[in-house]
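Trainee: Got a predicted structure here, sequence first:
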Amino acid sequence: MFHAVVRAKLRRAFADINAGAYDRIVAGFLPKHEHVFPGDHPLAGERHSLEATRRWYGRLAELLPDLQFRIRRIVVGGWPWDTSAVVEWTDHFTVGGEPRSNQGVHVIGLRWGKVTRLAVYCDTQKLAEVCRDKARLGLAAAAAEPIAD
């Protein structure tokens, strides 16, 4: 039953992302956490504070304002005080009116329903290309340094 509740909570979180309700996402993190996105692009880096994570989601909204996730699978294991989840997804967005997409997974650690760790793994080469294209279109955030603390 607990794992079903976590799966439902994760589906709601991705629905919040699709709706642009990033404040609700940040509220789901513990004050001290790990938010990781590998690669060499403006969304890369590692964050540990709510403020840095809030700024990261602000940048995500600026870079990909029409971002939409489609969840393919959610796997949950563990106990309420030490839960692990993996969400496999495909995303869709546009760059200069042209449809684009990526696929990947979120690997999530939870303690009593709050996020302790979130690592995003996707095709970072595709994402770096998207950022270069957006920078060429004049979006300054697409060429910014990663947000890290």
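Mentor: Structure's in. What do you need?
Trainee: what ranges do the helices span in the chain?
Mentor: 2-18, 22-26, 50-63, 124-136 (DSSP state H).
Trainee: any chance of those helices in TSV, with mean pLDDT too?
Mentor: As requested, the helices of the chain are arranged in TSV below (pLDDT from 0 to 100):
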stretch	mean pLDDT
helix 2-18	97
helix 22-26	97
helix 50-63	98
helix 124-136	96
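Trainee: Could you save these as TSV and add columns showing distance to A144 and mean neighbour count?
Mentor: C-beta here means a position set from N, CA and C on the backbone, and glycine is covered the same way. Shown next, in TSV, are these (distance: least, CB to CB, whole Å; neighbours: other CB atoms under 10 Å):
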stretch	distance to A144	mean neighbour count
helix 2-18	21	15
helix 22-26	17	15
helix 50-63	7	17
helix 124-136	9	17
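Trainee: Among these, which comes closest to V86?
Mentor: helix 2-18 (9.7 Å; CB to CB).
Trainee: Could you list everything V86 pairs with in the sheet?
Mentor: V75, V107 (DSSP bridges).
Trainee: Pick out the residue closest to the middle of this structure.
Mentor: Closest to where the C-alpha atoms of the chain average out (CA atoms, centre = their mean) is V120, at 6.1 Å.
Trainee: wait, doesn't it sit right on E34?
Mentor: No - the criterion here is CB atoms under 8 Å, and V120 misses it with E34 at 11.6 Å.
Trainee: Tabulate the helices of the chain (TSV), appending distance to I71.
Mentor: TSV is the format used below for the helices of the chain (distance: least, CB to CB, whole Å):
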stretch	distance to I71
helix 2-18	6
helix 22-26	15
helix 50-63	17
helix 124-136	19
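Trainee: between the ones you listed, which gets nearest to E88?
Mentor: Nearest of those (CB to CB): helix 2-18, 11.2 Å.
Trainee: elements contacting that closest one?
Mentor: helix 22-26, strand 68-79, strand 82-95 (3 or more CB pairs under 8 Å, 6 or more residues apart in numbering; DSSP states H and E).
Trainee: Since that was my last question, I'll sign off now.
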